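K.L.:
Following is a predicted model, sequence given first.
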Amino acid sequence: MKPGATNSILDIAGLRVGNAQNETLKSGVTALISDVENVTSVHVMGGAPGTRESDLLQPENTVQSVDALVLSGGSAFGLDAASGVQSVLRDQGRGFQVGDQRIPIVPCAILFDLINGGNKDWDDRSPYFDLGREAATNASRDTIHLGTTGAGTGALVGGPLPGLKGGLGTASTVLDNGVTIAALVAVNALGAPTVGEDAHFWAAPFEFDNEFGGLGPSPAPCAQARQLRIKFRDQSSAGANTTIGIIATDAVLTKAEAKRLAIAAHDGFARALWPAHTPLDGDLIFALATGGSGETLTLDGSINMSATAASTMSRAIARAIFHASEAPNDLFPTWAKAFATV
């Protein structure tokens, strides 16, 4: 196994990614546009999710393919971003055919970044519709910027007090049979991506080519590693966190198999963030399969893909934190700032 050519979700042919952000707001939107037919499902494991059209993606329901998936900041206000993306796709004649109408299918998940030092005093309409339109318009197969961008712009995570900046991350893995698995994730977790007071990432055992610093596993003693470094411990509340992601592959999957892939990818949250899937997170993963490789799954291949989905997601999470950048009015430092002596 090895990373794909770009080590990003763009290693899946037919997918484009666009980001849009507002630096004053300290929030943003990431849109993944699929230009090919696909099979998409979802699995939620956090206790405080915020979603649009997620029920549509359950295996027993009708629609198989989506036109886009949206990750957004802004808590419930951020669901407006999906309408912005949908409006761009409608203008392009995209969508599910119903009579003489086309309805773009654009599921969305949000994270809470309303309390992060940004100015949220907007006027009558939330800014997320326009950010969604911008993200969809920007979508391309060019390099994805990581860290403080798109849906990761205002993200925060737990860590050495008071915490660390979160961000947007991506990673890919090519299996020995040529199938590619890739992740895209906005990390705003209650938990921490690093071990105790160390700079070492929980995801370190899965790292390729020093993609998030090359520090290796933490040497911290177990007692230190067990200490919870959660965000806003003194004011934790439901919905104030959330890690939202997409796991994609060019393998041929059924909708039920796509849901199973999403479930497996959640193990990547647990390997990269501690704790994960709490009552105060809305942790969610969309799974999208394009079938572009033509490869169907054997039982052994399914096991291998499940494990790789988890490791790829954990790498994407660590890369999100590693690449976060400083901005005015930050509440928490970046990983690079917090561990400047590393």
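P.N.:
Great, that's in hand.

K.L.:
mind listing what residue 131 touches?
P.N.:
Contacts for residue 131 were tallied using C-beta atoms under 8 Å, 6 or more residues apart in numbering; they are 20-22, 27-29, 72, 81, 84. (Glycine included, C-beta is placed from N, CA and C.)

K.L.:
from these, which would you call buried?
P.N.:
20-22, 27-29, 72, 81, 84 (16 or more other C-beta atoms under 10 Å).

K.L.:
Counting neighbours, what do you get for the residue nearest to residue 201 when sequence neighbours are not counted?
P.N.:
Closest residue in space to residue 201, ignoring its immediate chain neighbours: residue 318 at 4.3 Å, by C-beta to C-beta, 6 or more residues apart in numbering. Per other C-beta atoms under 10 Å, the neighbour tally for residue 318 reads 27.

K.L.:
who's in contact with residue 318?
P.N.:
169, 193, 201-204, 207, 211-212, 272.

K.L.:
Just confirm it is within a strand.
P.N.:
No. Using DSSP: H, G, I helix; E, B strand; the rest coil, the secondary structure at residue 318 is helix, not a strand.

K.L.:
Next one: it from residue 210, what distance?
P.N.:
11 Å (C-beta to C-beta, to the nearest Å).

K.L.:
okay, now residue 149: neighbour count?
P.N.:
Neighbours of residue 149 (other C-beta under 10 Å): 21.

K.L.:
switch to numbering from 838
P.N.:
Let's use 838 as the start, then, which means that last one is residue 986.

K.L.:
ok, it to residue 1023 distance?
P.N.:
Taken as C-beta to C-beta, the span from residue 986 to residue 1023 is 10 Å.

K.L.:
what is in contact with the two at once?
P.N.:
In contact with both residue 986 and residue 1023: 867, 1004-1005, using C-beta under 8 Å, 6+ apart.

K.L.:
ok, those vs residue 839, which is closest?
P.N.:
Ranked by distance to residue 839 (C-beta to C-beta), the shared contacts of residue 986 and residue 1023 are led by residue 1005 at 22.7 Å.

K.L.:
Let's see which of the shared contacts of residue 986 and residue 1023 end up in strands.
P.N.:
The strands, defined by DSSP state E, take in 867, 1004-1005 from the shared contacts of residue 986 and residue 1023.

K.L.:
how about a markdown table for the residues you listed, with neighbour count and pLDDT added?
P.N.:
Output for these, formatted as a markdown table (neighbours: other C-beta atoms under 10 Å; pLDDT from 0 to 100):
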| residue | neighbour count | pLDDT |
| --- | --- | --- |
| 867 | 33 | 98 |
| 1004 | 32 | 98 |
| 1005 | 31 | 98 |
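
K.L.:
just curious, which of these is nearest to residue 844?
P.N.:
When these are compared against residue 844 (criterion: C-beta to C-beta), the nearest one is residue 1005, at 13.9 Å.

K.L.:
Which residue, other than its chain neighbours, is closest to that closest one?
P.N.:
Nearest to residue 1005 is residue 989, by C-beta to C-beta, 6+ apart, at 3.2 Å.

K.L.:
returning to what we had before: so of the contacts of residue 1155, which ones are in helices?
P.N.:
With DSSP state H as the criterion, helices contain residue 1109 from among these.

K.L.:
would you turn the contacts of residue 1155 into CSV with distance to residue 1130?
P.N.:
Putting the contacts of residue 1155 into CSV (distance: C-beta to C-beta, whole Å) gives the following:
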residue, distance to residue 1130
1006, 24
1030, 31
1038, 30
1039, 30
1040, 26
1041, 29
1044, 25
1048, 23
1049, 27
1109, 26
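
K.L.:
Name the residues of the lowest-mean-pLDDT helix or strand in the chain that are buried.
P.N.:
Every helix and strand in the chain was compared by mean pLDDT, DSSP states H and E; the lowest is helix 1059-1062, with a mean of 78. Buried residues in helix 1059-1062, counted by 16+ other C-beta under 10 Å: residue 1062.

K.L.:
Could you do stretch 1157-1168 as well?
P.N.:
Here stretch 1157-1168 shows 1157-1161, 1164, 1167-1168 as buried, counting by 16+ other C-beta under 10 Å.

K.L.:
just checking, residue 1110 touches residue 1039?
P.N.:
Yes. Between residue 1110 and residue 1039 there is a contact at 6.8 Å, judged by C-beta atoms under 8 Å.
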